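Enquirer: pasting the sequence and the predicted coordinates here, then a few questions.
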Amino acid sequence: MSETFFPRIKKEEYLPLFNSFIFFFFVLASWYALRPVRNEMAVAGGVYNLPLLLTAVMFVMLLANPVYSWVVSKVQTSRVVTYCYLFFIVNLIIFLFGWSYLGEEGRVWTGRAFYVWCNVYSFFVVSIFWVAVINHFNTNDAKRVFGVISAGGSLGAFFGSSVARYFSTEICGNSSITDLGPISLIFFSIGCLTIAIFLSRSLKPKNSANQEQKDDVIGGTSLEAFRNIVSKVPVRLMAFYMLLWTALSTAAWMISLNIVESWSSDPCERTAFFAQIEQIVTPLTLLMQLFFTSFLLRTIGILPVLTAYGVFFVIAFGAYANYPEITTVLVLTIVIRVFEYGLNKPTRETVFTSLKKQDRYKSTVMMDTLLARTGDVAGGWFVRSLIALGLVGGSIAYAALPIAVLLSIVGYQAAKSFKV
């Protein structure tokens, strides 16, 4: 195969690239083992009630981001991953005790809290991983290796979703989740995060010349991320881009959940369907990441990638409006998520390598957490408001089309604002 598809990897990059690959493998394995459970809780709780939970997630993110910024302002850069992941491990242990000892009513509230927490967890652990990676590789490196690193995450996602599907017989069969399924998955996630902590220690921050930097504190204030997103045009455009695509993703997800709910009333069948999506998405994403991501970033650049998201959503909402079938949900979910994980996410992280250190540690995490969840809330309330007005799935899908067009426009402007 030509060099154009397989980028040249320098000898000194072998070990950090391998460590990053395995690091991401265990980060996403920890999350994807829990993801189908989170999705089933969303369906069981009712699609109409989903914006309430998403609003709770947004407020938790609003509280968590200043705390995170304060922590990274005070600790050495090499310890950021360790402290944050240990915090999430403690959270998992608390949920473990909640399921085990709080009784049936306690489990109901534990399940609701778990849904909110899962959304916080998924964005923080992944964003913090990328913080460690973009501080080790520069922009030129990113175009060559971020696709390969992302492939490690895809393999971890497949492994984690396979573990979740194995325990689906424990998760299914009752209106409430049984003991063994969640407990087993929590132990699995704790183990994966623990391994990830050890792997993170090998990724030392480097400057643009690939020279290792001193392991110092980042400095700044707890509110610096808020200020930079307002004051810096490229950061502000990427923040708006994040808001729009997450709002559209949530709107599409709620429409698809309504289709899934109409398709089956069996929690076991629905959970298996969600896990099946993960297992299809992963190998396709892996092929994209290994064979095409690096090639596309090095040839066409970031502008077409950031612009294309809106086009995908125009197609998706048009399809939901005209063909509201379970097959439509399967195909569109797979296509959009392969594009997100295989190409758009590595592209955004490549863009972030050009930011200053404090923006890499603070603003990017804020985008991936608070702003992403705010977009979820906006998308959720958008759909709920239209339902309250008497609109059904097809009409809601049509109403989202102008926002999808706006996403492409903002993506184009964001790409033009960065010198990457």
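Expert: Nice, thanks for sending it over. Numbering: from 1, shown residues only.
Enquirer: measure how far stretch 152-167 is from the centre of its chain, please.
Expert: 15 Å (Cα atoms, centre = their mean, to the nearest Å).
Enquirer: right, and the helix or strand after the helix or strand where L62 lies?
Expert: Assigned by DSSP states H and E, L62 belongs to helix 50-74. Using DSSP H and E, the next helix or strand after helix 50-74 towards the C-terminus is helix 80-101.
Enquirer: buried residues in the helix holding L62, which are they?
Expert: For helix 50-74, the neighbour count (16 or more other Cβ atoms under 10 Å) marks 50-58, 60-61, 64-66, 68-69, 71-73 as buried. For every residue, glycine as well, the C-beta is placed using N, CA and C.
Enquirer: cool, stretch 340-358 as well?
Expert: Applying 16+ other Cβ under 10 Å to stretch 340-358 flags 340-355, 357-358 as buried.
Enquirer: between helix 80-101 and the helix holding L62, find me the angle.
Expert: Angle, helix 50-74 to helix 80-101, by axes from the mean of the first three to the mean of the last three Cα atoms, to 10 degrees: 140 degrees.
Enquirer: for helix 50-74, packing partners?
Expert: Helix 50-74 makes packing contacts with helix 80-101, helix 103-134, helix 224-231, helix 233-263, helix 364-366, helix 372-388 when contacts are defined by 3 or more Cβ pairs under 8 Å, 6 or more residues apart in numbering; DSSP states H and E.
Enquirer: switch the cut-off to 10 Å
Expert: Applying 3 or more Cβ pairs under 10 Å, 6 or more residues apart in numbering; DSSP states H and E, one finds that helix 50-74 contacts helix 35-44, helix 80-101, helix 103-134, helix 224-231, helix 233-263, helix 357-358, helix 364-366, helix 372-388.
Enquirer: single out the most deeply packed of the ones you listed.
Expert: Each of these was scored by mean neighbour count; the highest is helix 364-366, a mean of 26, by mean count of other Cβ atoms under 10 Å.
Enquirer: I'd like the average pLDDT over it.
Expert: Average pLDDT, helix 364-366: 80.
Enquirer: can you list the residues that contact that helix?
Expert: 61, 64-66, 68-69, 72, 80, 84, 123-124, 127-128, 130-131, 134, 224-226, 228-229, 235, 238-239, 242, 348-349, 351-353, 355, 359, 372 (Cβ atoms under 10 Å, 6 or more residues apart in numbering).
Enquirer: could you redo the last one with a cut-off of 8 Å?
Expert: Contact with helix 364-366 is made by 65, 68-69, 124, 127-128, 130-131, 134, 225-226, 229, 352, 355, as judged by Cβ atoms under 8 Å, 6 or more residues apart in numbering.
Enquirer: what about the closest residue to I229 other than its chain neighbours, distance to T293?
Expert: By the measure of Cβ to Cβ, 6 or more residues apart in numbering, the closest residue to I229 outside its immediate chain neighbours is A239, 4.8 Å from it. Distance, A239 to T293, using Cβ to Cβ, to the nearest Å: 24 Å.
Enquirer: got it, and T327?
Expert: For T327, the distance to T293 - Cβ to Cβ - is 27 Å.
Enquirer: higher neighbour count, these two?
Expert: Using other Cβ atoms under 10 Å as the criterion, T327 and T293 rank with T293 on top: 30 against 10.
Enquirer: right, and that one touches R144 too?
Expert: No. The pair T293 / R144 is not scored as a contact, 10.0 Å apart, by Cβ atoms under 8 Å.
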